[in-house]
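Asks: I need the structure of the sequence given here:
(one chain, ligands or ions: 1)
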Amino acid sequence: MANRGPTTGLAVAACTLAALVSPRPGQAAVVKVSNFAEVMDAVGRANPGDIIEVQPGVYEPTQGRNSVRRAGEPGKPIIMRGVVRDGQRPAFDAEGQDIDRGIFYIWETAHDWVFENLEFRNAHGGKTHSRNAAAAYIKASTITFRNCYSHDNDNGWFSTSTAENTLLEFCETAFNGANDGHTHNHYVSSRSITLRGCYVHDSRGGQNYKDRSQHTVLEYNWFQNAGNYDIDWASNGQNNALMIGNVVVRLNDFGNRKIINLGDGTGVRGGIITLINNTIIALDDRYRVFERVASSTARLVLYNNIVYGSRTVFSKAGWDGFPTTGGNNWFPASARDVVATNAPQLQGSIFGEEPGFVDFAGGDYRLKPGSPCRDTGIAEPKWFDAQTRELVIKPTLEYVKHRAIAARAADAALDLGAYEQP
Ligand SMILES: [Ca+2]
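Replies: The predicted structure is shown next:
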């Protein structure tokens, strides 16, 4: 199945949502569940279009492996939906269980599921099972998690190379990681994956987002305060990736100061990774915004981004054979030499002291009226899709704190960064 691809407007998202929540009358069952045994019984019986409605409360898994094997159909998924009460999602709390890879272990057979309005916490392996338990272990295709909260697990989310068309949207993912450097807020290897409108922060000792996927779209998310790297384009990924309209904020001071990394040295990271209209905040010059390992063959394309704080935009040599291209990015004036040396093909860079954020201290990275980043974006930024077709894509949405997106203002000329000041 084809990747959903980047969102081109709110209408698309609305249509998708409506289709998902409106199974044809007479064909879908709604099964209300209120304890873990009932959940697993419903999971074992569900048919395409069914809705498993999880009532408010805390659900404690009674065993380490909780298999999801049944399948929905394209356009007619099986939906597991939490009933939110007083702002609280039903919570799966795995404290005390030795979890096998995920609170839900989603086998290859189980395509076309939607999980929404659920919390997942305290999933850990380490006894019988390996210490990399996540909210969900995703081996299947066309699996969506929406408006979920994954926290205090070994991994936030984990997907394997058998998964395709993975979608995580409007989720909060935080405080995951066993502080061992091998567990992360996301550790994903899907053939294709999209993150949209997610709030990802405070990974424990690992990455906010570690990606071995073949084709990835990160759109309109907020990443903050990773325990290690913020975005790790690790080995194995060979296809192209897109980051559009994200905010990446690193204000903490942990030992490792990489922000966006290409390759991890265990294999080859390839493909073309395009960043369009992102706002990247790096505390100070110690932070290495873009870093690559020698074995990586991935190439960066940068259009209309704001990179603020650190002069160390490119960490060191090693970029020569894989030139960074693109244009119209804002960098600190102190980064002028670094950019000229490591990315000589970048066009139209703007160097300055301040990009003109509305309230930097308050975390408001929208632009003030007098910002030098206004109306200076390239009009038709391009990325490379999964088939390496070079296509124009413009940001149409913007991230809204937190876990929401809204239409991006539009005027005659694109601003730089994740927000438009009309
Ligand atoms: Ca503008």
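Asks: hey, where'd the helices end up in the chain?
Replies: Using DSSP state H, the helices of the chain run over residues 10-21, 36-45, 336-342.
Asks: Least confident of these, on average?
Replies: Lowest mean pLDDT within the helices of the chain: helix 10-21, at a mean of 41.
Asks: mind checking pLDDT for D253?
Replies: For D253, pLDDT reads 75.
Asks: residue contacts, the nearest residue to it once chain neighbours are set aside?
Replies: Distances taken as Cβ to Cβ, 6 or more residues apart in numbering place L283 nearest to D253, at 6.6 Å, with adjacent residues excluded. Quick note: C-beta positions are derived from backbone N, CA and C, even for glycine. Residues near L283 by Cβ atoms under 8 Å, 6 or more residues apart in numbering: R250, L251, N252, D253, G309, S310.
Asks: contacting residues around W383?
Replies: Counted by Cβ under 8 Å, 6+ apart, W383 has contacts N240, L242, I244, I272, T274, I276, V301, E390, L391, I393.
Asks: ok, of the residues you listed, which come out buried?
Replies: N240, L242, I244, I272, T274, I276, V301, I393 (16 or more other Cβ atoms under 10 Å).
Asks: hey, what's the fifth one bridged with?
Replies: Using DSSP bridges, the bridge partners assigned to T274 are L242, V301.
Asks: Quickly note the distance from it to the ion.
Replies: Per Cβ to the ion, to the nearest Å, T274 is found 21 Å from the ion.
Asks: same question, the third one
Replies: Counting by Cβ to the ion, the gap between I244 and the ion amounts to 16 Å.
Asks: ditto for the second one
Replies: Separation of L242 from the ion (Cβ to the ion) stands at 21 Å.
Asks: Residue numbers of the stretch 251-400 of the chain in contact with the ion?
Replies: D375 (Cβ under 5 Å from the ion).
Asks: low pLDDT regions in the stretch 251-400 of the chain?
Replies: 254-255, 317-318 (pLDDT under 70).
Asks: average pLDDT for stretch 122-133?
Replies: The model assigns stretch 122-133 a mean pLDDT of 95.
Asks: In it, which residues are buried?
Replies: N122, A123, H124, G125, H129, R131, N132, A133.
Asks: Adding distance to E108, write those residues out as JSON lines.
Replies: Compiled in JSON lines, the buried residues of stretch 122-133 are given as follows (distance: Cβ to Cβ, whole Å):
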{"residue": "N122", "distance to E108": "27"}
{"residue": "A123", "distance to E108": "21"}
{"residue": "H124", "distance to E108": "24"}
{"residue": "G125", "distance to E108": "21"}
{"residue": "H129", "distance to E108": "19"}
{"residue": "R131", "distance to E108": "23"}
{"residue": "N132", "distance to E108": "19"}
{"residue": "A133", "distance to E108": "19"}
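Asks: can you tell me the residue of the stretch 251-400 of the chain closest to the ion?
Replies: At 4.4 Å from the ion, D375 is the closest residue in the stretch 251-400 of the chain, using Cβ to the ion.
Asks: Contacts only, for that residue.
Replies: Under the criterion of Cβ under 8 Å, 6+ apart, the neighbours of D375 are D411, A412, A413, L414, D415.
Asks: How about the first one: what's its closest non-neighbour residue?
Replies: It refers to D411. In space, D411 is closest to P422, 4.8 Å off (Cβ to Cβ, 6+ apart).
Asks: Likewise for the third one?
Replies: Leaving aside its sequence neighbours, A413 sits nearest to D375 (Cβ to Cβ, 6+ apart; 3.8 Å).
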